[in-house]
Every structure is written in C-alpha cells, then in structure tokens.
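Novice: Curious how this folds, go ahead:
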Amino acid sequence: MAAHKTDARPPFRAEHVGSLLRPAELRVAHRARAEGKIGDAELAAITDRCVVEAIRLQEEAGMEAITDGEFRRGSWFLGFVQAVEGLSTKPSLFRFQGDHGAWECPHAHGKVRRTGSITVDDFRFVRAHTAHTPKVTMPTPSAMLFYRGAEAADRKVYPRLESLYDDLVAVYRAELRALADAGCTYVQLDEVPLAMLCDPAVRAQIAARGEDPAAVIRLYVDLINGALAERPHGMTVGLHLCRGNYKGQWMAEGGYAPVADELFGRAAVDAFFLEYDSERSGDFAPLAALAPGKRVVLGLVSTKAPETPSADDLVRRVEAAAKIVPLDRLSVSPQCGFASSVGGNPITLADERKKLGLVAEVARRIWG
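Specialist: So this is what the prediction gives:
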C-alpha cells in the first residue's frame, strides 16, 4: 500500500476519476455469463477478485482515494440506471465523434424511486479491502435528463418533468444517507451534460429543440444542489466534468466559460474534477469564477490515448493554473476514467499504470 499521505481528507493531491480498464479475465467472464456458460455466483466471484486486484493497482500507483474501478457497471451511468426503479435506456439524441457514435442513454419509463442499494454494497466491499479512503462514483441527475430532452421520460408517467426532478433528487438524498450510514466519506458525481454545454454547437442544438441553454445550465446546477441539500456532515463531494469518454472519443468541446459562473460559483460541491488534457477544454481563465474555498482537481493526463506528457510539462501547467487558483486548492489527476464503458479506451494496462504513476509523481514534486 502507498505510504505517502498528502492530505487528511479528500480531494487528495494525486487523484483519479474512478473507472479502470477491465482485465481480460473479467471481460471473458461477462461474455461467458451472457452465453450461459457460467452463473451469477461465478461471475460475482471473478468480479470480486478483479476488484481486489484493481485496489492493489491503485495503492501501488500512489493513489489515496480508492474505487472499485467501476467493474460492476456496464458503463459510468448504467449501474445507477439498473439499480433505480423506473429507469431504463433509449437512443441518445447526441453522438460521439467517429463512425460508431450512437449510444443508449437513460430514460424514465416509470416512476423513479430508490428500492435498495445503488452504490452502498460496492462501497462496503472496497472499504473491506483497503486502508485508504474509498471513493464512490455515480452520475449526476442531469445524466438522467439531458440526452433525450423533453423525451427524457414517458410523459404518461411524468406529464410534468418537474415531478421527475423531485423524484430523482429524492433518490440521491436517500442514497447519500445510506452511504453515510455505511461509513462513506467521499463521493464523486460525474457530470457530462454541463461540460457538453460548454460547446457552442451543443448549445445551438439545445436552442433548436426549444430550450434556453442558460436555463438548462441553471436547472442542472439546481438539481445537483437539491441532491446534496441533505448531505451528511463529514462527506466530501467532488464533481467531475466530462465531454464524453467512449473508446477514446468525445461528444463536445469548448472551454468552461459558458458554465463557469453558475457551476463554479453556485454548485454545492467541495471540488471540481476538470478535464484539461487538450485544447478542447480551453484555458484556465474560467477558474477565476471559483467560489471561495472550493478545490480544483486538474485533469491534465489524457486517458484517451497512450501518449503521456512529461512530469516537467505537467508541473508547468499546474504552476499556470496556480496564477488563478491558489496552489493549496489544486490537485492533479487523469482527465477522465480509463474505461467509462466495459470496452475501455484504446490504451494498455501498462499505459494506465504509467499514467497513474505520473499523476502521483507530479503531486509529490509539487506538494511533497
């Protein structure tokens, strides 16, 4: 296990977003289960073993916040969809770059309610296998709404989408209470729609379907705040912004200025995990809108491709960001997860280890 400690509580100086490449053994096991060659119990045993190995990988790389690699989910949002009553998937109105951009997004086909653990059982497993801080990840409320617009729900079930908003907020509040009761102190919400709304083309698409992009941005920040309104004392919440992460592809580009005042100024989270690995994310200037006391985790290392920057380059980028946000409120991480879906990004396990190790090295060089 990593011995180096940088902070008493999260976010830590060296972070990662959550998902890790699924090992070949786990991918083979899922295919075997789909073909009826193994049962649920055998798949669960293989998954448990792979999660323990993922925990060790993170510890050895120098990470202090530990996830289960999201190995129990089909994608970054699918575990939530499958665990919450009333949710399923339908085709998204948005596409990824490239030839295979179509995908299925969340859809409310029935009344949405929490009927049991969404992430609590996963948290308990990680906590039982590490002395470090377990981090739980889950999608934001907007991820259940954005990709189909007015058709985010069956309108016979939800004639008014405001009722769906209330039901979603209730799900998050209940899950956060259950996580706190289980001993969880660190949660990360994954937010794609607000990052996509940084893109002028996406805002134009929203306007074309009859919505005001500025109002949508306000709504999604309100929903985050509603979900966190009863957040238990002592629980740190981070918000990860992502422009799409599927097999190395993305859905949007553009700097954070269009959402900065609302998001950085009003969102009731402790830290923002921000993509800053390429020009698609813009410059650091929008960070000037950051509310007092908020932290920023700079996602400087791409998970979309094997190439890795030098530690010197990353140190210089952190120094540039520190001209806007004080250094003691900054951390570093990869730009996104390594496998937001089962297939993962076009990199190797060796690449993943190298990138995590680089993040830890840069954190040690800057903060000791």
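
Novice: Go ahead and confirm R114 touches L168.
Specialist: No: under the criterion of CB atoms under 8 Å, R114 is not in contact with L168, lying 9.9 Å apart. The way it works is simple: take the backbone N, C-alpha and C, and place the C-beta from them, glycine included.

Novice: between these two, who's got more neighbours?
Specialist: In this view R114 and L168 are compared by other CB atoms under 10 Å, and L168 has more residues nearby, 26 against 19.

Novice: Chain neighbours aside, what residue packs nearest to that one?
Specialist: The spatially closest residue to L168, leaving aside those adjacent along the chain, is P141, at 4.6 Å (CB to CB, 6 or more residues apart in numbering).

Novice: Wait, the one you found touches E175, no?
Specialist: No: the criterion here is CB under 8 Å, and P141 misses it with E175 at 11.7 Å.

Novice: Now do the end-to-end distance for stretch 16-34.
Specialist: 30 Å (CA to CA, to the nearest Å).

Novice: Can you give me the buried ones in stretch 255-267?
Specialist: Across stretch 255-267, burial judged by 16 or more other CB atoms under 10 Å covers 255-256, 258-260, 262-264, 267.

Novice: residues in contact with it?
Specialist: Stretch 255-267 has contacts (CB atoms under 8 Å, 6 or more residues apart in numbering) with 194-195, 197-198, 203, 213, 217-218, 221, 224-225, 239, 241, 272, 274, 281-283, 285-291, 294.

Novice: Give the rounded mean pLDDT of that stretch.
Specialist: Mean per-residue pLDDT for stretch 255-267: 98.

Novice: and what of stretch 285-304?
Specialist: 97.

Novice: how about the CA coordinates for it, as CSV?
Specialist: Output in CSV follows, covering the C-alpha atoms of stretch 285-304 (Å, rounded to 0.1, in the frame of the first residue of the first chain):
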residue,chain,number,x,y,z
ALA,A,285,-9.2,31.7,-17.1
PRO,A,286,-12.7,30.5,-16.2
LEU,A,287,-11.4,29.2,-12.9
ALA,A,288,-11.5,32.8,-11.7
ALA,A,289,-15.2,32.2,-11.1
LEU,A,290,-14.4,29.6,-8.5
ALA,A,291,-16.2,30.2,-5.2
PRO,A,292,-14.1,30.7,-2.1
GLY,A,293,-12.8,27.5,-0.5
LYS,A,294,-13.6,25.3,-3.5
ARG,A,295,-10.9,22.9,-4.8
VAL,A,296,-9.9,22.1,-8.3
VAL,A,297,-8.5,18.8,-9.5
LEU,A,298,-6.8,19.4,-12.8
GLY,A,299,-7.3,16.5,-15.2
LEU,A,300,-4.0,17.0,-17.1
VAL,A,301,-3.3,13.4,-18.3
SER,A,302,-5.3,12.0,-21.1
THR,A,303,-6.9,8.6,-20.7
LYS,A,304,-8.0,8.6,-24.4
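
Novice: buried set for it?
Specialist: For stretch 285-304, by 16+ other CB under 10 Å, it's 286-287, 289-290, 294-304.

Novice: quick one: which of those residues sit in strands?
Specialist: 295-301 (DSSP state E).
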